[in-house]
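K.L.:
Predicted model and sequence below, questions to follow.
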Amino acid sequence: APPEQRQRLPVVFGWVAKRLPPKDLVRSYVRQARRLEIRDDLRRFLVTVDNRHTIDAATKLPAFTNPVLLAWAEEDKLFPMDLAHRLAEVLPNASVTAIADSYTFIPEDQPEELAKLITWFIAAELAAN
């Protein structure tokens with residue numbers, strides 16, 4: 001299959017980016033993934049990963065009282081919106097904002113919208129303090 005078709009596969013960009021990023025950007029991602037040290041790091045991580053670290057971090061989330069913006073893709077196939085709302089229930093000062101027309105890689109699908117949202121969030125927090 002041509003590279004564009006392979007890149008649309010779920011295991012590549014198909015479930016994380018609604019629109020395929022520009023070819024030069026895709027090449028930069030792929031080029032880095034081909035580096036031996038990256039593959040070795042990924043292998044070491046996969047062999048040693050333990051959910052106890054995730055569980056330990058999750059128990060500490062309620063103590064994090066700083067403002068949190070959860071910018072979440074409305075159409076995310078891997079991390080549905082209900083996960084954002086569940087996370088917001090645990091973080092005492094969190095807000096969820098849905099980003100339309102995007103999957104997981106919001107910075108690729110909706111960079112301008114995400115930048116506006118972050119700018120608004122920071123300005124609002126600065127004004128509140």
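P.N.:
Yes, it's here.
K.L.:
What count of nearby residues applies to Ser102?
P.N.:
For Ser102, the neighbour count with other CB atoms under 10 Å is 25. (Each C-beta comes from the backbone N, C-alpha and C, glycine too.)
K.L.:
what's the answer for Trp72, then?
P.N.:
22.
K.L.:
Test my guess that it contacts Leu78.
P.N.:
No: under the criterion of CB atoms under 8 Å, Trp72 is not in contact with Leu78, lying 11.4 Å apart.
K.L.:
what about the helices in this protein?
P.N.:
Listed in chain order, the helices of the chain (DSSP state H) span 3-7, 23-34, 36-48, 51-60, 81-90, 106-109, 111-128.
K.L.:
and Thr97, which of those is closest to it?
P.N.:
The minimum distance between Thr97 and those falls on helix 111-128, with 5.9 Å, by CB to CB.
K.L.:
As PDB, could you dump the C-alpha coordinates of that closest one?
P.N.:
What follows is helix 111-128, C-alpha atoms only, in PDB (Å, rounded to 0.1, in the frame of the first residue of the first chain):
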ATOM      1  CA  PRO A 111      -3.500  23.800  16.400                       C
ATOM      2  CA  GLU A 112      -5.000  27.300  16.200                       C
ATOM      3  CA  GLU A 113      -8.000  26.300  18.300                       C
ATOM      4  CA  LEU A 114      -5.800  24.700  20.900                       C
ATOM      5  CA  ALA A 115      -3.400  27.800  21.000                       C
ATOM      6  CA  LYS A 116      -6.400  30.100  21.500                       C
ATOM      7  CA  LEU A 117      -7.800  28.000  24.300                       C
ATOM      8  CA  ILE A 118      -4.400  27.800  26.100                       C
ATOM      9  CA  THR A 119      -4.000  31.600  25.700                       C
ATOM     10  CA  TRP A 120      -7.500  32.200  27.100                       C
ATOM     11  CA  PHE A 121      -6.900  29.800  30.000                       C
ATOM     12  CA  ILE A 122      -3.600  31.500  31.000                       C
ATOM     13  CA  ALA A 123      -5.100  35.000  30.700                       C
ATOM     14  CA  ALA A 124      -8.100  34.000  32.800                       C
ATOM     15  CA  GLU A 125      -5.900  32.500  35.500                       C
ATOM     16  CA  LEU A 126      -3.600  35.500  35.500                       C
ATOM     17  CA  ALA A 127      -6.600  37.800  35.800                       C
ATOM     18  CA  ALA A 128      -8.000  35.800  38.700                       C
END
